[in-house]
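what follows is a predicted protein model with its sequence.
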There are 2 protein chains.
Amino acid sequence: MEPSEERDLSLEELAQGAKSATQVVATASTSTKNAALAMMAQEILAHSDEILAANEIDLKMASELGLASTAIDRLRLDHNRVLAMAQQIKEIIKLPDPIGQVTSGYRLANGLNVRKVRVPLGVVGIIYENRPNVTSDAGALCLKSGNVALLRGSSAAINSNRVIATLLRGAIGEVGLSPDVITLIPFTDRASAGEFMRLNGKIDLLIPRGGRSLVEAIKENATVPYVIDGDGNCHIYVDESANIEMAIEIIENSKVQRPGVCNAVETVLIHTKIARQLLSALDERLSSVQLRGDLNTTAIVPRALLATDDDYATEFLDLVLAVKIVDDMPDAIDHIRRFGTGHSEAIITESYANANYFCERVDAAAVLVNASTRFVDGNQLGLGAEIGISTQKLHARGPMGLVELTTEKYVIEGSGQVRS
Amino acid sequence: MEPSEERDLSLEELAQGAKSATQVVATASTSTKNAALAMMAQEILAHSDEILAANEIDLKMASELGLASTAIDRLRLDHNRVLAMAQQIKEIIKLPDPIGQVTSGYRLANGLNVRKVRVPLGVVGIIYENRPNVTSDAGALCLKSGNVALLRGSSAAINSNRVIATLLRGAIGEVGLSPDVITLIPFTDRASAGEFMRLNGKIDLLIPRGGRSLVEAIKENATVPYVIDGDGNCHIYVDESANIEMAIEIIENSKVQRPGVCNAVETVLIHTKIARQLLSALDERLSSVQLRGDLNTTAIVPRALLATDDDYATEFLDLVLAVKIVDDMPDAIDHIRRFGTGHSEAIITESYANANYFCERVDAAAVLVNASTRFVDGNQLGLGAEIGISTQKLHARGPMGLVELTTEKYVIEGSGQVRS
């Protein structure tokens, strides 16, 4: 599909095309899907110059429009990032195909054979912000899981996304599947985002990849089913029994290794009995990190700013760390209950009882004992690639890989059974 | 809690009370939960006269208000129905507790021990129509799965629901759990239903138990996560290779055994080659059923009315059956794709290839071969009790039992691991 051809179709028509493509990709063999993925990677590598040229146009417009430097960084592709896009597709080829997996099966007393089988969802809609690599990552994950990807990227990345999508669609067509298995919506205005969220009957799962305002817009307006990839306001609670050296290593890693991501730690809760010892050491070790603490913290660490409730509620995504000294573990858990976003919460402890108590009572996608919050990630946890990290409880919780892009159906085989 | 006490609390306050009760019930032992359930069954049996007296008031008002006889039937309790409520709770005691189940677990190369553990959702909100037994069924299922039930029944059943809820709450209090584990919302006006659907942060899962208008209202207005227990416009496709005797038995059972439920068949699709033979036999066997067919059907069965697209789209829930003669299986699958609601779809066939083709291509919660659609039910499929049948693809699909009232969390145990 050429860009010019795209423009002639309405949002509704593009979505209908995506829906129609579900039937073939849902029953495509793993070999066919892998052949399409291999071709996709090849096309991206063969046409990296075109991708970079389109990206150059996006970057120029973004800078003229005065986009923030972080937004421009997310938008920017370079040779290595294009290589990484192709590499990611190749990694997805290696992952096991979830479709057709029998997740349970049994025979009933009346002789009916029952099994639950993994099947694709159908059309997976992705609304995303500036990163053009989402176009290929999401497209590849959807294809491998037998789904159609209906992609709605940002206006800033439209030229990059168009070129990438056209390459992917060509690759898919080469192996005999419908190019509509990856469908890019060329409309990037606000109204079309609203329409996209209400494509009932056309989108089987909507996943937002973006900031809080996008998530709020979806919660408020979406009428299609969705899974929220929300904020990660992650905590580390350092118990009185903690190994202080270990606590420092883990806090530093969780905060500094990559501060701009959702599984970075944002607040450290410290048991009062070890507060002075830990904070003095952290003060030194985290010299590059701005600290914001309660009054007791500022008394120990003079450079720390006084934290407000807003600070405790904020996902800084930056070299800023909130600190609070707590009376005991229940106090820490209460704080997490109040400010946590259900992403990743860690305890550093040497106490068997406290580790179990914390893990049982903290309500989050992931709870960790004596480990960096940075491990809560699809690749790190062995899921292969991830399409997001769900902070909701329904359907998928935590890193979402190929399995989370599927649903199950009952297949019930009989020989004439009727109900009495 | 006495009814008078209830009235003093706002919807928001009642929901907050429910939320607060989640912590204790989530970590309650199976023995404690089972003890509460046993006490609940006992209280219902001991106070069946009070339940029936309250129900009498509801029935009187319903008849004064001119409610339809089917609605009044759903509202009506009698001695046997009260016994059945208690019996259902006793059945739930016997079911395995899903909480704490480890659904997968592994050790990563870096020594982290990862496991996924089943945990309660938190607060499960149920909006339901007239059946007062939903109060005890849903309350018991939520409690067993470690959840709090926040119940919002209809105005017609309010007196019955109040008495039942008060009994259940008393029973729960007896074993030392918070009575708020079952919280009945006493407000039954339309506006409060809208508020209920938007109790963000208070309701973790909303399940509607009611007709299409309730489902539509939820799709349009709900901002909390929900699972739709939607229409069952179920089909049986009779393949040219079908055993005609078997087809007749299955169609009769699927239509007549209990026509008013969602897994009853509504349309039979018949391969043209066997249409005359099958329809002549059905005409006789289904003499109590009104038939509505296409032109070819009415030519064979003169008593059949001419079916419109509206008929094909309708869940009759009555002794009415739509019929369509199709050219082949793809034609049947297209019809199901157009009119099906993703509930239960069956094929009657002796062909191995056609059975597989149908099962693979029909997109529904359950596909059946040579068996009555009436088997698609939590009890029949061995789930024990069910809180509904999901016709959506996310989180739960098909009959929802205790497991579908849970989510999972990652527990990641380390010894100081950091990410490099």
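Yep, it's here.

so the spatially closest residue to A:I236 that is not a sequence neighbour, which of the three states?
Distance criterion CB to CB, 6 or more residues apart in numbering or on different chains; nearest residue to A:I236, sequence neighbours excluded, is A:A346 at 4.6 Å. Where you see a C-beta, it was placed from the backbone N, CA and C, and this is true even at glycine. For A:A346, the assignment made with DSSP: H, G, I helix; E, B strand; the rest coil gives strand.

my guess is A:A346 contacts A:V265. True?
Yes. If you go by CB atoms under 8 Å, A:A346 and A:V265 touch, sitting 7.5 Å apart.

next helix or strand past the helix or strand of chain A with the lowest mean pLDDT?
Sorting the helices and strands of chain A by mean pLDDT, DSSP states H and E puts helix A:3-6 at the bottom, at a mean of 47. Using DSSP states H and E, the helix or strand that follows helix A:3-6 in sequence is helix A:11-26.

give me the contact list for that following helix.
Helix A:11-26 is contacted by residues A:6, A:9, A:33, A:99, A:119-120, A:122-123, A:143, A:146-148, A:150, A:177-178, A:180-181, A:183, A:185, A:187, A:192, A:195-196, A:199, A:201-203, B:361, B:363 when judged by CB atoms under 8 Å, 6 or more residues apart in numbering or on different chains.

repeat that for 7 Å
Applying CB atoms under 7 Å, 6 or more residues apart in numbering or on different chains, the contact partners of helix A:11-26 are A:119-120, A:122-123, A:143, A:146-148, A:150, A:177-178, A:180-181, A:183, A:185, A:187, A:192, A:195-196, A:199, A:202.

now swap in stretch A:31-46 and tell me
So stretch A:31-46 is contacted by A:51, A:82, A:85-86, A:89-90, A:92-93, A:97, A:136, A:140, A:143-144, A:167-168, A:170-172, A:174-175, A:177 (CB under 7 Å, 6+ apart).

selecting buried members of those in ChimeraX, what would you type?
Selection of the buried residues among the contacts of stretch A:31-46 in ChimeraX, burial being defined by 16 or more other CB atoms under 10 Å in any protein chain shown:
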select /A:51,82,85,86,89,92,93,97,136,140,143,144,167,168,171,172,175,177
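
helices of the stretch 251-400 of chain A, residue ranges please.
Counting by DSSP state H, counting those that start in this stretch, the stretch 251-400 of chain A has helices at residues A:275-285, A:295-300, A:309-312, A:329-339, A:352-361.

reduced to three states, what does the residue nearest to A:N159 when sequence neighbours are not counted come out as?
Counting by CB to CB, 6+ apart, A:N159 lies nearest to A:A54, which is 4.1 Å off, once chain neighbours are set aside. On the three-state scheme (three-state DSSP), A:A54 is labelled helix.

now do A:H235
Assigned with three-state DSSP, A:H235 falls in the strand class.

now do the same contact list for it.
With contact taken as CB under 7 Å, 6+ apart, A:H235 is in contact with A:265, A:267, A:269, A:336, A:340, A:345.

near chain B, which residues of the stretch 301-420 of chain A show up?
Those residues of the stretch 301-420 of chain A that sit near chain B, judged by CB under 7 Å from any CB of the partner chain, are A:359-361, A:364-372, A:374-375, A:380-382, A:392-395, A:397-398, A:407-419.

could I have the PyMOL command that selects the buried members from those residues?
Buried members of these, defined by 16+ other CB under 10 Å, are picked up in PyMOL with:
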select buried, chain A and resi 359+360+361+364+365+366+367+368+369+370+371+372+374+375+380+381+392+393+394+395+397+398+407+408+409+410+411+412+413+414+416+417+418+419
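
just the residues of the stretch 301-420 of chain A next to chain B: which are in strands?
In strands, defined here by DSSP state E, the members of those are A:366-371, A:398, A:407-417.

quick check, A:D318 in contact with A:P259.
Yes. Assessed by CB atoms under 7 Å, A:D318 is found in contact with A:P259 at 5.6 Å.

who's more crowded, these two?
The neighbour comparison of A:D318 against A:P259 (other CB atoms under 10 Å in any protein chain shown) goes to A:P259, with 18 against 15.

pLDDT wise, what is the more buried one at?
Here, the pLDDT recorded for A:P259 equals 93.

ditto for the one 5 residues further on
Looking at A:A264, its pLDDT stands at 97.

so what's the closest residue to chain B within the stretch 51-200 of chain A up against?
Nearest residue of the stretch 51-200 of chain A to chain B: A:L121, at 5.4 Å (CB to the nearest CB). The contact partners of A:L121, taken as CB under 7 Å, 6+ apart, are A:147, A:204-205, A:405-407, B:393.

try 10 Å this time
Each residue near A:L121 by CB atoms under 10 Å, 6 or more residues apart in numbering or on different chains is listed here: A:22, A:26, A:142, A:145-148, A:203-205, A:225, A:395, A:404-407, B:363, B:393-394.

one step back: overlap in contacts, A:D318 and A:P259.
A:266, A:289.

right, and A:Q290 touches A:R303 too?
Yes. The pair A:Q290 / A:R303 is scored as a contact, 8.5 Å apart, by CB atoms under 10 Å.

more neighbours: these two, which one.
Between A:Q290 and A:R303, counted using other CB under 10 Å, A:Q290 has the larger neighbour count: 14 against 9.

how far away is the more buried one from chain B?
21 Å (CB to the nearest CB, to the nearest Å).

and the pLDDT at that residue?
98.

and it, bridged to which residues?
Taking DSSP bridges as the rule, A:Q290 bridges to A:V320.

next up, the contacts around it.
Contacts of A:Q290 by CB under 10 Å, 6+ apart are A:303-305, A:316, A:318-322.

and the residue lying farthest from the centre of chain A, what pLDDT?
Distance from the centre of chain A peaks at A:S420, with 47.7 Å (CA atoms, centre = their mean). Each residue has a pLDDT score; the one for A:S420 is 92.

that one and A:A109 touch, don't they?
No. The pair A:S420 / A:A109 is not scored as a contact, 12.0 Å apart, by CB under 10 Å.

what's the closest non-adjacent residue to A:S136?
A:M85 (4.7 Å).

now A:A156, what's its secondary structure?
Relying on three-state DSSP, one would call A:A156 coil.

that one: how many residues sit nearby?
22.

that one touches A:Y128, doesn't it?
No. Using CB under 10 Å, A:A156 is not in contact with A:Y128, being 11.1 Å away.

where does pLDDT dip in chain A?
A:1-7 (pLDDT under 70).
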